[in-house]
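Participant: Structural data only, the sequence is not supplied:
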């Protein structure tokens, strides 16, 4: 899973600030998925993107959260006006197509103080 | 809503013992994957099972997919301290989205 690169690994934000989490998928992968892991909980799906398109955002909170996967560059998960409850580990996964396995990055651990 | 129930949530055993982790759902998945996650790291894929009734072996780990593709099990033979970690099962739907179980935290004591 070293091929999926996420940065930063750790991010500390004060309440009300914005958090930007970046994910570069494995080479050749055009499917990107974002998951959130709250303390003591399992991973929950947030959003599924292909290049320049959001395919499924059914797991995204309705407000403050957005995601993009531009034609060039990494996928970005953006959280505006962060609150303490946003503190979690955010993982990105990528796959080549729908029939192949997804590989995970090492995650970004967001702490809101 | 698709759900995966994973059990047990916690397991503490002695080195050399065998164990089985279960993953059950009322939904059918196109495939089921097992991951292992170390503290501070992302999940690492162990195996993918696709066909109902399929059995796959990875050294001392045996993975089975139920005939109806709704459940799976992970059996570890002669557990080692190095097997300690969080084991996650995840079912994939037809968009590749993964539904995760709650995870099983395994501790193998020397």
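Facilitator: Right, received. Where do you want to start? These numbers were taken from a predicted model, which means no experiment stands behind them.
Participant: C-alpha only now, for contacts and for neighbours.
Facilitator: Noted.
Participant: Spatially central residue for chain A, please.
Facilitator: Centroid check for chain A by Cα atoms, centre = their mean gives residue A:34 as the closest residue, at 3.8 Å.
Participant: ok, what's across the strand from that one?
Facilitator: Legend: beta-bridge partners of residue A:34 under DSSP bridges are residue A:47, residue A:92.
Participant: how about low-confidence regions in chain A?
Facilitator: The model of chain A has pLDDT under 70 over residues A:1-2.
Participant: So the residue nearest to the centre of chain A sits against residue A:50, correct?
Facilitator: No. Contact criterion Cα atoms under 8 Å: residue A:34 and residue A:50 do not qualify, at 11.7 Å.
Participant: show me the contacts for the residue nearest to the centre of chain A.
Facilitator: Shown in contact with residue A:34 (Cα atoms under 8 Å, 6 or more residues apart in numbering or on different chains): A:45, A:46, A:47, A:48, A:77, A:90, A:91, A:92, A:93.
Participant: Can you add neighbour count and give those residues back as a markdown table?
Facilitator: What follows is these, written out as a markdown table (neighbours: other Cα atoms under 10 Å in any protein chain shown):
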| residue | neighbour count |
| --- | --- |
| A:45 | 22 |
| A:46 | 23 |
| A:47 | 24 |
| A:48 | 27 |
| A:77 | 20 |
| A:90 | 25 |
| A:91 | 28 |
| A:92 | 32 |
| A:93 | 28 |
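Participant: Run a quick neighbour tally on residue B:72.
Facilitator: 28 (other Cα atoms under 10 Å in any protein chain shown).
Participant: Quick check: which element contains it?
Facilitator: Element membership for residue B:72 (DSSP states H and E) is strand B:71-76.
Participant: for residue B:3, same thing?
Facilitator: Assigned by DSSP H and E, residue B:3 falls outside every helix and strand.
Participant: Quick check: chain neighbours aside, which residue is closest to it?
Facilitator: Spatially, and ignoring its direct neighbours in sequence, residue B:3 is nearest to residue B:25 (6.0 Å; Cα to Cα, 6 or more residues apart in numbering or on different chains).
Participant: Quick check: the one you found touching residue B:72?
Facilitator: No. Residue B:25 lies out of contact with residue B:72 (Cα under 8 Å); the separation is 9.1 Å.
Participant: Report the secondary structure state of the residue of chain A most remote from its centre.
Facilitator: The outermost residue of chain A, judged against the average C-alpha position, is residue A:99 (21.1 Å), by Cα atoms, centre = their mean. Recorded secondary structure, residue A:99: coil (DSSP: H, G, I helix; E, B strand; the rest coil).
Participant: dump the residue contacts of it.
Facilitator: Contacts of residue A:99 by Cα under 8 Å, 6+ apart are residue B:96.
Participant: for chain B, what spans make up the strands?
Facilitator: B:5-7, B:10-14, B:19-24, B:31-37, B:44-49, B:55-58, B:61-65, B:71-76, B:85-92, B:98-100, B:104-109 (DSSP state E).
Participant: Wondering if the second one reaches chain A at all.
Facilitator: Same thing as strand B:10-14. No. Judged by Cα under 8 Å from any Cα of the partner chain, strand B:10-14 and chain A are separated, with a smallest distance of 11.8 Å.
Participant: could you say what helices and strands that strand packs with?
Facilitator: Other helices and strands packing on strand B:10-14, by 3 or more Cα pairs under 8 Å, 6 or more residues apart in numbering or on different chains; DSSP states H and E, are strand B:104-109.
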